[in-house]
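*Asks:* A predicted structure for the sequence below; I have some questions about it.
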Amino acid sequence: MFLGTHSPRLDDKGRLFLPAKFRDELAEGVVITKGQERCLYVFPMAEFQRVTQAMSQAPVTQKAVRDYSRVFFASASDEVPDKQGRITIPPALRQYAGLSKDCVVIGANTRVEVWDAAAWDTYLADREQAFAELEEEVLPGVL
């Protein structure tokens, strides 16, 4: 489980330090791909395999399934963190997420998300008040 908010910087070679508390779980390798709201999803290899298996059960006769799968898998890049805990984010993914020097890495349960710092601040400002004011269950039976 990944938790918390961290603020690493992207270096000139497109490498990002993973938060120290995430490194053990990600040491065997990760898959980085496009996520919603123009962030990047970083999955531990085992979780990516679980997601892949679940997606393989979706009906390819549905256009939305085909569209999502194409973007999700075509943009995916498998990486192994180096000895310093850095991963290289490919240029196309950096461009998609608008990543510059200042990034935000958040724990999102079974995955990690990488955001441009300004984009994360905007997203959080837009969503935090709505989160605080929720009056109905978003996840029935969970919270």
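*Replies:* Now that the structure is in, tell me what you want to look at.
*Asks:* how many residues are close by A108?
*Replies:* 15 (other C-beta atoms under 10 Å). For glycine as for every other residue, the C-beta is placed from the backbone atoms N, C-alpha and C.
*Asks:* pLDDT score for it?
*Replies:* Looking at A108, its pLDDT stands at 97.
*Asks:* that one: what secondary structure?
*Replies:* Look at A108: counting by DSSP: H, G, I helix; E, B strand; the rest coil, its state is strand.
*Asks:* isn't it right up against T5?
*Replies:* No - using C-beta atoms under 8 Å as the test, A108 is too far from T5 to be in contact (10.4 Å).
*Asks:* mind checking which helix or strand the residue lying closest to V60 once chain neighbours are set aside is in?
*Replies:* Once flanking residues are discounted, V60 sits nearest to R66: 5.9 Å by C-beta to C-beta, 6 or more residues apart in numbering. In this assignment (DSSP states H and E), R66 forms part of helix 63-74.
*Asks:* so which bits of the next helix or strand along the chain from that helix are buried?
*Replies:* As assigned by DSSP H and E, the chain's next helix or strand after helix 63-74 is strand 77-79. For strand 77-79, the buried set under the neighbour-count rule, 16 or more other C-beta atoms under 10 Å, comprises E79.
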